[in-house]
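Enquirer: Next one to model:
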Amino acid sequence: MATIIYTHTDEAPLLATYSFLPIVAAYAAKAGVEVETRDISLAGRILSQFPDRLSDEQRVPDALAELGELARTPQANIIKLPNVSASIPQLRTAIKELQEKGYDLPDYPENPQSDEDRAVVAAYDKVKGSAVNPVLREGNSDRRAPLSVKNYARAHPHRMGAWSSDSRTNVATMGTDDFFANEQSVVIAGDDTLSIEHVGSDGTLTVLKQAVPVLAGEVVDATFMNVAALRRFLTEQIARAKAEDVLFSAHLKATMMKVSDPIIFGHVVQAFFPTLFEQYGEQLAAAGISANDGLGALLDAAGSLPDGDAIRAAVQQGLADGPAVAMVDSEKGITNLHVPSDVIIDASMPAMIRTSGHMWGPDGEEADTLAVIPDSCYAGVYQTVLDDCRAHGAFDPATMGSVPNVGLMANAAEEYGSHDKTFEVPAAGTVRVVNQAGDTLMQHTVERGDIWRACQTKDAPIRDWVKLAVTRARASGSPAIFWLDESRAHDANLIAKIHEYLPQADLVGDTDGLVIEIMAPAAATAYSLERIRRGEDTISVTGNVLRDYNTDLFPILELGTSAKMLSVVPLMNGGGLFETGAGGSAPKHVQQLVKENYLRWDSLGEFFALAASFEHLAGYDDNPGAQTLADTLDRATGTFLNEDRSPGRKLGTIDNRGSHFYLALYWAQELAAQTDDAELAAAFEPLAARLAAEEDTIVGELNSVQGSPADVGGYYRPDDAKADAVMRPSATLNAALASL
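Expert: Got it, this is the predicted structure:
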């Protein structure tokens with residue numbers, strides 16, 4: 001039997017899986033397709049690292065490693081739901097929950113001193129941040145809005161805040177002494193092993209990274225951010241926000257850039273509260289309290305310190321003395337500086353642009369904002385959008401075009417280098433990258449505390465990326481623009497490879513008439529926005545970070561969400577990875593479910609991914625039934641959109657569970673009516689009739705549970721029985737599926 005792997009992840013997507021997966025498995029089985037699950041949740045990843053500390057019943061396999069191997073095979077067919085990319089505070093919270101459930105896990109060491117502590121940190125570091133995506137993404141990304149979604153958005157445009165020409169919202173970025181300005185890049189001539197070394201001012205040599213294997217043609221970059229310059233910049237922007245009477249807001253990516261950006265976030269917190277850290281910095285550090293974990297962790301820990309009351313008073317004085325800070329939750333007093341993973345740039349900036357360039361202030365009102373994005377690699381993208389809205393007003397979802405994306409991400413192609421090759425410099429001196437022959441390929445003069453990082457981009461993914469861009473341009477007829485800046489070292493090397501590989505990418509068909517160009521990111525943004533306002537589509541062909549940014553920015557403006565995108569990863573060895581959208585809103589949906597048994601999470605992205613997965617399986621497994629499932633699901637999703645069966649906005653309307661019922665109804669009706677497979681049609685005809693006849697009963701059972709608290713038995717590791725009961729409350733629907 002052909003197999004689809006459905007990932008078991010976190011938060012709202014996980015809860016939705018309890019409701020939707022039984023439908024998927026029941027329908028797929030009728031076409032000879034088995035649906036299996038693999039647990040790549042944060043909790044599952046944590047537990048897989050400590051088998052020796054767990055009982056036989058508690059141990060879980062390393063499913064992520066298993067799927068990483070599968071992704072390199074032609075048989076791979078993986079549906080990947082959004083997962084938690086854990087910051088340190090999230091990781092600690094998950095560890096605590098698991099400990100309370102009886103799992104003998106070690107605490108995350110604050111200041112590892114022993115070899116045992118360092119081993120524990122190394123194990124936890126494997127699961128924090130964006131640990132999942134680099135493992136599974138053995139191909140490049142093809143992400144776009146399906147036509148049915150785009151048509152629905154045009155017919156039912158989401159709300160966009162009005163823009164004023166005198167808006168004072170702007171982006172602030174360094175421009176000098178940052179990652180962009182200091183970047184060096186080399187193309188590796190032959191297979192080699194590099195090392196990263198720090199040479200102190202006194203000549204002391206420290207190996208930061210012993211062995212970095214590289215392949216011929218690979219692009220390797222190194223750069224650093226000067227922390228003294230960063231602190232000057234942050235102090236200036238805090239003063240600027242106060243002088244301009246706008247909200248101060250820092251926008252980073254502490255989840256994906258899990259080493260560098262929490263450090264930068266910590267400098268933001270320290271710069272905002274200079275008196276606090278001048279007076280109590282040593283006491284906080286001695287207690288293991290780091291500004292990198294945010295203001296929230298600091299305030300929580302202050303209660304156990306001798307000067308806790310004074311520290312909290314100093315925080316309040318700092319908030320009073322500085323500019324108003326943008327809020328995550330103004331009612332609860334949670335600021336932009338509370339938790340490093342609360343304000344993620346790819347979600348927070350589009351939300352600001354949608355809302356008239358505003359964020360929420362401490363007074364609970366919207367206000368213009370200074371968006372502080374320290375590194376200047378891509379800050380200009382957001383400033384260009386702000387300027388465009390200031391000049392031309394808000395975008396109109398009813399008429400605007402689309403910006404699909406072809407993203408370079410295969411083999412952990414990382415433009416940002418924020419994993420095991422990122423370091424907070426221990427002392428003044430030089431950091432250098434050396435090959436096996438002892439030649440220094442790149443080096444930087446650094447000071448203590450500077451943030452140095454390297455990254456790798458292999459040649460085969462670049463070649464595949466160029467080919468995929470040409471394929472999408474040919475299939476869609478839209479211009480394909482490579483968002484690359486020739487003045488950036490990394491981009492200059494990619495541009496040279498593009499010029500080499502573009503002629504080779506025309507493997508099938510005629511490229512006459514295709515528009516394929518290279519533009520710096522800000523210029524590419526302006527070009528795409530001009531076309532958007534004319535209702536025209538433009539493919540953005542980007543590296544990994546811009547892939548992440550653009551696949552939120554433009555869908556949120558066009559569709560109101562990035563969760564409704566079709567995200568296909570054609571794996572380089574022939575398999576398929578099908579992603580279901582972003583999970584940025586997942587935490588608040590869980591909170592609402594627990595509070596009032598209402599899950600507003602929209603599974604539409606899963607419907608698109610599932611159809612693409614069935615279609616892929618039909619091709620390599622020669623399974624016409626799988627193709628029928630794909631075709632009928634696609635039509636059912638069109639009906640789902642036309643009938644507006646996505647979760648409603650308030651209690652009493654259908655939520656995620658009700659939307660799954662209607663998808664099941666429309667899908668069964670399409671299967672019963674199709675003429676290509678009489679056996680499948682006969683199998684689904686009774687179910688389609690039964691679901692239609694019992695629609696009112698089923699919807700009533702699903703909606704009747706709303707309004708009271710729900711217990712799913714845990715946030716990071718729900719209890720399966722409890723979560724299943726909460727997410728499948730309709731006995732009538734459950735019986736109908738069982739009859740199939």
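Enquirer: residues near Y666, how many?
Expert: When counting by other Cβ atoms under 10 Å, one arrives at 24 neighbours for Y666. The way it works is simple: take the backbone N, C-alpha and C, and place the C-beta from them, glycine included.
Enquirer: Looks like it contacts F640 (just checking).
Expert: Yes. Distance between Y666 and F640: 5.7 Å, which falls inside the contact criterion (Cβ atoms under 8 Å).
Enquirer: Which strand or helix spans the closest residue to A131 other than its chain neighbours?
Expert: Sequence neighbours aside, R45 is the residue nearest to A131 in space, at 6.6 Å (criterion: Cβ to Cβ, 6 or more residues apart in numbering). Element membership of R45, judged by DSSP states H and E, is helix 42-48.
Enquirer: Give the burial count for the residue nearest to A131, as a bare number.
Expert: Close neighbours of R45, defined as other Cβ under 10 Å, add up to 26.
Enquirer: can you check the one 5 residues further on too?
Expert: When neighbours are defined as other Cβ under 10 Å, F50 has 19 of them.
Enquirer: What of the one 10 residues further on?
Expert: When neighbours are counted by other Cβ under 10 Å, V60 registers 17.
Enquirer: what does A285 give?
Expert: 13.
Enquirer: next one: the helix or strand where it lies to chain centre, how far?
Expert: With secondary structure defined by DSSP H and E, A285 is part of helix 274-286. Offset of helix 274-286 from its chain centre (Cα atoms, centre = their mean, to the nearest Å): 34 Å.
Enquirer: Return that helix as CSV; C-alpha atoms alone will do.
Expert: Extracted in CSV, the C-alpha atoms of helix 274-286 (Å, rounded to 0.1, in the frame of the first residue of the first chain):
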residue,chain,number,x,y,z
PRO,A,274,20.4,51.4,30.5
THR,A,275,20.0,52.4,34.2
LEU,A,276,18.5,49.0,35.1
PHE,A,277,21.5,47.1,33.8
GLU,A,278,24.0,49.7,35.0
GLN,A,279,22.7,49.3,38.6
TYR,A,280,21.7,45.6,38.7
GLY,A,281,23.4,44.0,35.7
GLU,A,282,26.0,42.1,37.8
GLN,A,283,23.3,40.9,40.2
LEU,A,284,21.1,39.7,37.3
ALA,A,285,24.0,38.0,35.5
ALA,A,286,25.1,36.3,38.8
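Enquirer: Quick check: next helix or strand after it?
Expert: helix 295-302.
Enquirer: so where is the chain shaky, pLDDT-wise?
Expert: Within the chain, the stretches falling below the threshold (pLDDT under 70) are 1, 415-418, 506-512, 581-586.
Enquirer: Could you list the domains of it?
Expert: 2-138+571-739, 170-179+233-392 (automatic domain parsing).
Enquirer: For T193, give me its contacts.
Expert: A211, V212, P213, V214, N435, Q436 (Cβ atoms under 8 Å, 6 or more residues apart in numbering).
Enquirer: Would you mark the buried spots in stretch 41-52?
Expert: Applying a neighbour-count criterion of 16 or more other Cβ atoms under 10 Å, the buried positions in stretch 41-52 are S41, L42, A43, G44, R45, I46, L47, S48, Q49, F50.
Enquirer: distance of the nearest residue to the first one once chain neighbours are set aside from A609?
Expert: So the one you mean is S41. Once its chain neighbours are removed from consideration, S41 has its nearest residue in D10; the separation is 4.9 Å (Cβ to Cβ, 6+ apart). D10 is 17 Å from A609, where distance means Cβ to Cβ, to the nearest Å.
Enquirer: which one of the two has more residues nearby?
Expert: Legend: neighbour count by other Cβ under 10 Å for D10 and A609, higher for D10 (29 against 26).
Enquirer: ok, back up a step: of the contacts of T193, buried ones?
Expert: Under a neighbour-count criterion of 16+ other Cβ under 10 Å, the subset of the contacts of T193 counted as buried comprises V212, V214, N435.
Enquirer: would you say M442 is within a strand?
Expert: Yes. Using DSSP: H, G, I helix; E, B strand; the rest coil, the secondary structure at M442 is a strand.
Enquirer: what number of residues lie near it?
Expert: A count of neighbours around M442, defined by other Cβ under 10 Å, yields 20.
Enquirer: what does the one 5 residues further on give?
Expert: Applying the criterion other Cβ under 10 Å, we find 15 residues in the vicinity of E447.
Enquirer: Leaving out the residues flanking it, which one is nearest to it?
Expert: In space, E447 comes closest to A428 once its chain neighbours are excluded; the distance is 5.0 Å by Cβ to Cβ, 6+ apart.
Enquirer: And the closest residue to A413 other than its chain neighbours, how close does it get to P323?
Expert: Leaving aside its sequence neighbours, A413 sits nearest to T457 (Cβ to Cβ, 6+ apart; 4.4 Å). Applying Cβ to Cβ, one obtains 39 Å for the distance of T457 from P323.
Enquirer: related to what we said a few turns ago, ok, residues contacting the helix or strand just after the helix holding R45?
Expert: The C-terminal neighbour of helix 42-48 among helices and strands, as given by DSSP H and E, is helix 63-70. In this structure, residues lying in contact with helix 63-70 by Cβ under 8 Å, 6+ apart are 5, 7, 38-40, 44-45, 48, 76, 78, 131-132, 135-136, 138, 575.
Enquirer: Considering those residues, which is situated nearest to L408?
Expert: Lowest distance from L408 to these (Cβ to Cβ) belongs to E138, with 13.0 Å.
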